[in-house]
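Peer 1: curious how this folds, go ahead:
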Amino acid sequence: MRNTDHPVNIPRRRAMAAGLGAAALSALPFRVAMAESGDIVIGAAQPITGVFSFAGVGLNQGLGDYCNWRNEQGGVAGRRLRYISEDSVYKMDHEMAIFKKLMGEYKPPFFFGGSTGWAKVAAKEVEPLNTTLTSGVGFSSELADPALHPYHFIAAPTYVAMGGILLEYISSKASGSSKPSVAIVYSDTEFGRDPIPGIKARAEALQIPIVLEVVTKPGAVDVSSEVAKLRRAKPDYIIFHGYVLAPIPEFIKQMREAGMKAIPMGTIWSMDKTTVSSMGAAAEGWVGVMPYRYSYETDNAPMMKEMADYVSRTYPDQGYITLFNTHTWFAGMIFAEIAERCINADKALTGENMKQALESIENWDTGGIMGLPASLKSHQIPIGRIYEYDVKSELMRPISDWIETS
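Peer 2: Next up is the predicted model:
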């Protein structure tokens, strides 16, 4: 849990006690001027408590840590990053209330939010303002469409691109002209359904047969009938999407009891090391796509080392750094790169100027967070690598080169 004395998240009452004064805090013109010529404000609504606090604590810490680390390096073109975050509890009404409050008080050039639903609603308010670029934890393909959401980007591949990376890997395992077969198991949620048409289209292009689609509710559900269908379909690989954990372990347990040899695969939110470790025996042989290196992979990855060193000296008892931390640290890097490009070009931090700066990021060195140079021209970064869980070390280990897909 974040130390509440951490300078990136000082509550308003403490800021007043520190001598800023109520008048200064309530003066909107002063705050807007500060955002334009002083501190570069990054607002956020993070699920620090509630059902997704296991992710939200890391998401909040990662973005705050990056801002503090960057300020230690001199900031962005000499200007400090100021991170202002509040707890959304992963409730849409809370998230929108925080968004509107911080937008009204600070007009932040950047805002990091939560779900796809939030991003869609926020976009309707952000576009006419022309003041703010947003990002978040939703990786829906719609959110990387500049025509629909011009002032939003994804600091990772979309879910469709993640599926494409998995399929590229599967295709590489073909024996002669025979391609391995695939089943797709996904949750009956917007998150789960989002990439399925795109994954099926990519599979068709690669001539990979999709032998079965299975849809379930997320969470602890009876999957015996679904496993029976999978046993009859005999896929070589099974892609699970739209879940964090359950019912994946139960699927794997029953599949193995039925003698199935299919390789289970996942996408980003079921790929954190702690999540996979919690699967117990079902974790053996778990494979999936990750857009970033894991925090312990610091060789030839100077930014991963910087992050690990910062966390080690700031939170000496923390140990492992989750993918949630890495995701928002990386999002902070992109915010800073956009701001720096605008400032160096003597352009104001407007929505349109920042969009142009975003789309100018090509062949960008991420310091090893990703293993290939990154481009954000398409408002996403369709790069990832395939990892497999190693039971002995309890670590995720890479089993492919870095893959870039369309």
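
Peer 1: any idea where the strands of the chain begin and end?
Peer 2: Read by DSSP state E, the chain holds these strands, from start to end of the chain: 40-46, 81-87, 110-113, 133-136, 182-187, 210-216, 237-241, 263-266, 287-290, 383-390, 395-398, 403-404.

Peer 1: partners of the first one in the sheet?
Peer 2: Sheet pairing here is set by DSSP bridges, and for strand 40-46 it gives strand 81-87 (parallel), strand 110-113 (parallel).

Peer 1: just the mean pLDDT for it, thanks.
Peer 2: Averaged across strand 40-46, the pLDDT comes to 98.

Peer 1: ok, now the last one?
Peer 2: With pLDDT averaged residue by residue, strand 403-404 scores 98.

Peer 1: which residues touch it?
Peer 2: Strand 403-404 is touched from outside by Ile165, Glu168, Tyr169, Leu372, Pro382, Ile383, Gly384, Arg385, Ile386, with contacts defined as Cβ atoms under 8 Å, 6 or more residues apart in numbering. In this view, the C-beta of every residue, glycine as well, is placed from N, C-alpha and C.

Peer 1: reformat those residues as a markdown table; add neighbour count and pLDDT.
Peer 2: Conversion of these to a markdown table gives the following (neighbours: other Cβ atoms under 10 Å; pLDDT from 0 to 100):
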| residue | neighbour count | pLDDT |
| --- | --- | --- |
| Ile165 | 26 | 98 |
| Glu168 | 19 | 98 |
| Tyr169 | 20 | 98 |
| Leu372 | 16 | 98 |
| Pro382 | 22 | 98 |
| Ile383 | 22 | 98 |
| Gly384 | 31 | 98 |
| Arg385 | 22 | 98 |
| Ile386 | 21 | 98 |
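
Peer 1: take the strands of the chain and write them to CSV, including distance to Phe54.
Peer 2: CSV is the format used below for these (distance: least, Cβ to Cβ, whole Å):
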stretch, distance to Phe54
strand 40-46, 12
strand 81-87, 14
strand 110-113, 18
strand 133-136, 17
strand 182-187, 18
strand 210-216, 21
strand 237-241, 18
strand 263-266, 16
strand 287-290, 18
strand 383-390, 18
strand 395-398, 17
strand 403-404, 28
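
Peer 1: picking up where we left off before, okay, the strands paired with strand 40-46, which one's buried deepest?
Peer 2: When the strands paired with strand 40-46 are scored by mean count of other Cβ atoms under 10 Å, the highest mean neighbour count falls to strand 110-113 (a mean of 26).

Peer 1: centre of the chain versus it, how much separation?
Peer 2: Counting by Cα atoms, centre = their mean, to the nearest Å, strand 110-113 is centred 13 Å from the centre of its parent chain.

Peer 1: circling back to that earlier point, want to throw the strands paired with strand 40-46 into TSV with distance to Glu226?
Peer 2: Compiled in TSV, the strands paired with strand 40-46 are given as follows (distance: least, Cβ to Cβ, whole Å):
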stretch	distance to Glu226
strand 81-87	36
strand 110-113	33
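
Peer 1: can I get the ones you listed in a markdown table including distance to Ala336 and mean pLDDT?
Peer 2: Output for the strands paired with strand 40-46, formatted as a markdown table (distance: least, Cβ to Cβ, whole Å; pLDDT from 0 to 100):
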| stretch | distance to Ala336 | mean pLDDT |
| --- | --- | --- |
| strand 81-87 | 7 | 97 |
| strand 110-113 | 9 | 97 |
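
Peer 1: re earlier: Thr326: which of the strands of the chain is closest?
Peer 2: strand 287-290 (9.4 Å; Cβ to Cβ).

Peer 1: against which helices or strands is the closest one packed?
Peer 2: Other helices and strands packing on strand 287-290, by 3 or more Cβ pairs under 8 Å, 6 or more residues apart in numbering; DSSP states H and E, are helix 159-172, strand 263-266, strand 383-390.

Peer 1: ok, and the closest non-adjacent residue to His149?
Peer 2: Spatial nearest neighbour of His149, chain neighbours left out: Ala123 (4.7 Å); criterion: Cβ to Cβ, 6 or more residues apart in numbering.

Peer 1: so that neighbour touches Thr134, yeah?
Peer 2: Yes - with contact defined as Cβ atoms under 8 Å, Ala123 reaches Thr134; the gap is 7.3 Å.

Peer 1: all helices of the stretch 101-250 of the chain, in order?
Peer 2: For the stretch 101-250 of the chain, the helices defined by DSSP state H, counting those that start in this stretch cover 116-129, 159-172, 190-193, 196-205, 224-233, 248-257.

Peer 1: of all those helices, which lies closest to Pro146?
Peer 2: Go through the helices of the stretch 101-250 of the chain one by one with Cβ to Cβ and the one that ends up closest to Pro146 is helix 116-129, at 11.2 Å.

Peer 1: ok, Gln318 touching Met307?
Peer 2: No - under the criterion of Cβ under 8 Å, Gln318 makes no contact with Met307, lying 11.7 Å away.

Peer 1: who has more neighbours out of those two?
Peer 2: Residue environment comparison for Gln318 versus Met307 gives the larger neighbour count to Met307, 25 against 13, counting by other Cβ atoms under 10 Å.

Peer 1: how much space is there between the more buried one and Gly138?
Peer 2: Met307 sits 23 Å away from Gly138, taking Cβ to Cβ, to the nearest Å as the criterion.
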